[in-house]
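Q: using only what follows, build the 3D model:
(one chain, ligands or ions: 1)
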Amino acid sequence: MRIKARHFVVATGPIFSPQLLWNSEIRHPALGRYLNDQTVASCMVVLSKELVAKMEDDEGHKGIAALPPNAAEPQVWIPVSEKRPWHVQIHQDPINFSTTGPELVDQRLLVFLQGFGMTEPQWDNRVTFSATHTDIMGMPQPIFEYTLPPKAVKEAHEMIGELAEASLALGAWLPGHLPEFEPPGASLHLQSTTRMGKKPEDSVVNENSIHWGYENLRVGGINVIPTATACNPTPTAVAIAVKSAAHLALDGKVVPASYDKLLEDQQSGTVAS
Ligand SMILES: Cc1cc2nc3c(=O)[nH]c(=O)nc-3n(C[C@H](O)[C@H](O)[C@H](O)COP(=O)(O)OP(=O)(O)OC[C@H]3O[C@@H](n4cnc5c(N)ncnc54)[C@H](O)[C@@H]3O)c2cc1C
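A: All right, here's what the predicted structure looks like:
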């Protein structure tokens, strides 16, 4: 089947965007390269008796009674900073814990700590695609080549050390949930496989998400994020997409510094909607 369009936008995720381009025989040298995964470490603690005994609510309930049965779970986010290049989430982890069944145990006593570290994008870290094997969708099978750079390894160890220390201040580790590194890919934050950049030598798309060498092909998604991050990546990808969509809507005219200004201009009729 052939589809004719004035503009094409490929936004099929960090592995399937390069896969789709590869399968379309659009094979820029940087395609799939700079694959960038955040390092992840996590552990789960059971709150210590000492800490629980210290709890007291406004009505004088003490210990575990100070926490109502339907108490909201903790939602703590410690953002990345220059001196601490990882971000930490503290909560009760509905994702990993769902199979054990929150109905069976008192989840108020459990605290999940998870850190996400930075990995500098490297040319040699990449996803390529098989010329002979296909995935279940009949697309070329992804093949991963990935090594953590030494800086990321060092920082990942600092991150897990901090998680271990912080979690022991809260209680004792739940067996099976001691501090450990999660396997590659577990961050669910694979990035940079169609990296944005200023020159085609080290990127796939330009600053408006236009594929180098094409005028009407754009790429979106977390695969466009060019640099190391240690945060949930979706808002960054959305911000890039909004900028690129504004550029597309304006037919290449300069994108206003603020999206609000673009909307204002549209309302006043200065630019087309
Ligand atoms: C359990 C879980 C929890 C997460 N939590 C967070 C979070 O709290 N915060 C955060 O920022 N991120 C989170 N993420 C990551 C987040 O989901 C991704 O960052 C985000 O979805 C990436 O957006 P995307 O548009 O690049 O790709 P996707 O969301 O993967 O979208 C790609 C789409 O393309 C489709 N597609 C693929 N191949 C083709 C094809 N050949 N043709 C047509 N369509 C195709 C796919 O079906 C999919 O719908 C989480 C992910 C998971 C799995």
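Q: domain-wise, how is this structure divided?
A: 8-36+190-268, 39-120+156-181 (automatic domain parsing).
Q: chain center to the last one: distance?
A: Think domain 39-120+156-181. 20 Å (C-alpha atoms, centre = their mean, to the nearest Å).
Q: check stretch 4-12 too.
A: On C-alpha atoms, centre = their mean, the centre of stretch 4-12 falls 24 Å from the chain's centre.
Q: so can I have TSV of the domains of the chain showing mean neighbour count and mean pLDDT?
A: Heads up, the C-betas are built off the backbone N, CA and C, glycines and all. As requested, those are exported to TSV (neighbours: other C-beta atoms under 10 Å; pLDDT from 0 to 100):
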stretch	mean neighbour count	mean pLDDT
domain 8-36+190-268	18	91
domain 39-120+156-181	16	89
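Q: turn those domains into JSON lines, columns for distance to the ligand.
A: Shown next, in JSON lines, are the domains of the chain (distance: least, C-beta to the nearest ligand atom, whole Å):
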{"stretch": "domain 8-36+190-268", "distance to the ligand": "3"}
{"stretch": "domain 39-120+156-181", "distance to the ligand": "6"}
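Q: closest to M139 out of those domains?
A: Among the domains of the chain, domain 8-36+190-268 comes nearest to M139, with 5.4 Å by C-beta to C-beta.
Q: now do the helices in the stretch 1-150 of the chain.
A: Taking DSSP state H, counting those that start in this stretch, the helices of the stretch 1-150 of the chain run over residues 16-23, 49-53, 94-97, 150-170.
Q: could you dump these to a markdown table with distance to T194?
A: Output for these, formatted as a markdown table (distance: least, C-beta to C-beta, whole Å):
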| stretch | distance to T194 |
| --- | --- |
| helix 16-23 | 5 |
| helix 49-53 | 47 |
| helix 94-97 | 27 |
| helix 150-170 | 21 |
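Q: please enumerate the strands of the stretch 151-273 of the chain.
A: 171-173, 180-181, 217-219 (DSSP state E, counting those that start in this stretch).
Q: neighbouring strands - and their directions - for the second one?
A: The pairing partners recorded for strand 180-181 under DSSP bridges are strand 39-47 (antiparallel).
Q: OK, contacts around A164?
A: With contact taken as C-beta atoms under 8 Å, 6 or more residues apart in numbering, A164 is in contact with C43, P179.
Q: how about 6 Å then?
A: P179 (C-beta atoms under 6 Å, 6 or more residues apart in numbering).
Q: still on that earlier bit, how about the strands of the stretch 151-273 of the chain in CSV, adding distance to E25?
A: Below are those laid out as CSV (distance: least, C-beta to C-beta, whole Å):
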stretch, distance to E25
strand 171-173, 51
strand 180-181, 38
strand 217-219, 13
